[in-house]
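Enquirer: could you work out the structure for the sequence below:
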Amino acid sequence: MTDDGSFTVKNIKFEYCDFDSMIVVLRKIKDGVESIEIDFTDDLAGILEILQVQNVPYWHIEKYYPTDSLHKVAQMWIDKNSKIGTTFQVAVHKEGSFQEFFEHFTDRIV
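Expert: Have a look, this model is predicted:
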């Protein structure tokens, strides 16, 4: 940990973690994170604002139920003109959960 309270990690995984605590930890991570894995069902808005999340090359969300907001992740990367090659994985258990995602980004998915 540094003097400013930030710390370095390569890979971080949150399981059964309080949402507010997770946000605090994510904000304290220094740049250079290779992967973030999150097991949660809360809102994406607070997470998408965090620079380390915006820049991570591999991001995995498990058990994310409000699937109608998944397109916001891809839109964030488009708005930031992010590097090609970023991986975003989501595990959901709902029929048609990616429909809105595909409707927004059919012409941009590779």
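Enquirer: alpha carbons only for contacts and neighbour counts from here, please
Expert: Noted.
Enquirer: excluding chain neighbours, what is closest to G32?
Expert: K10 (6.9 Å; C-alpha to C-alpha, 6 or more residues apart in numbering).
Enquirer: which residues of the chain fall in strands?
Expert: For the chain, the strands defined by DSSP state E occupy 11-15, 35-39, 58-62, 87-91.
Enquirer: what about the third one, average pLDDT?
Expert: Across strand 58-62, the average pLDDT comes to 84.
Enquirer: chain center to that strand, what's the gap?
Expert: Distance of strand 58-62 from the chain centroid (C-alpha atoms, centre = their mean, to the nearest Å) equals 6 Å.
Enquirer: what are the C-alpha coordinates of that strand, in PDB please?
Expert: Taking C-alpha atoms only, strand 58-62 is exported to PDB below (Å, rounded to 0.1, in the frame of the first residue of the first chain):
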ATOM      1  CA  TYR A  58     -10.600  -8.400 -18.800                       C
ATOM      2  CA  TRP A  59     -13.700  -7.900 -16.800                       C
ATOM      3  CA  HIS A  60     -16.100 -10.600 -15.800                       C
ATOM      4  CA  ILE A  61     -19.500 -10.200 -14.000                       C
ATOM      5  CA  GLU A  62     -21.200 -13.200 -12.500                       C
END
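Enquirer: contacts for it?
Expert: Strand 58-62 is contacted from outside by 34-40, 53, 86-92, using C-alpha atoms under 8 Å, 6 or more residues apart in numbering.
Enquirer: go on, the second one?
Expert: With C-alpha under 8 Å, 6+ apart as the contact definition, strand 35-39 has outside contacts at 10-16, 53, 56-64.
Enquirer: the same query, at a cut-off of 10 Å, please.
Expert: 9-17, 22, 26, 52-53, 55-64, 87-91 (C-alpha atoms under 10 Å, 6 or more residues apart in numbering).
Enquirer: now which of these would you call buried?
Expert: Listed as buried from these are 14, 22, 26, 52-53, 55-59, 61-62, 64, 90; burial here means 16 or more other C-alpha atoms under 10 Å.
Enquirer: hey, where'd the helices end up in the chain?
Expert: With helices called from DSSP state H, the chain shows them at 19-28, 45-48, 51-55, 71-79, 99-105.
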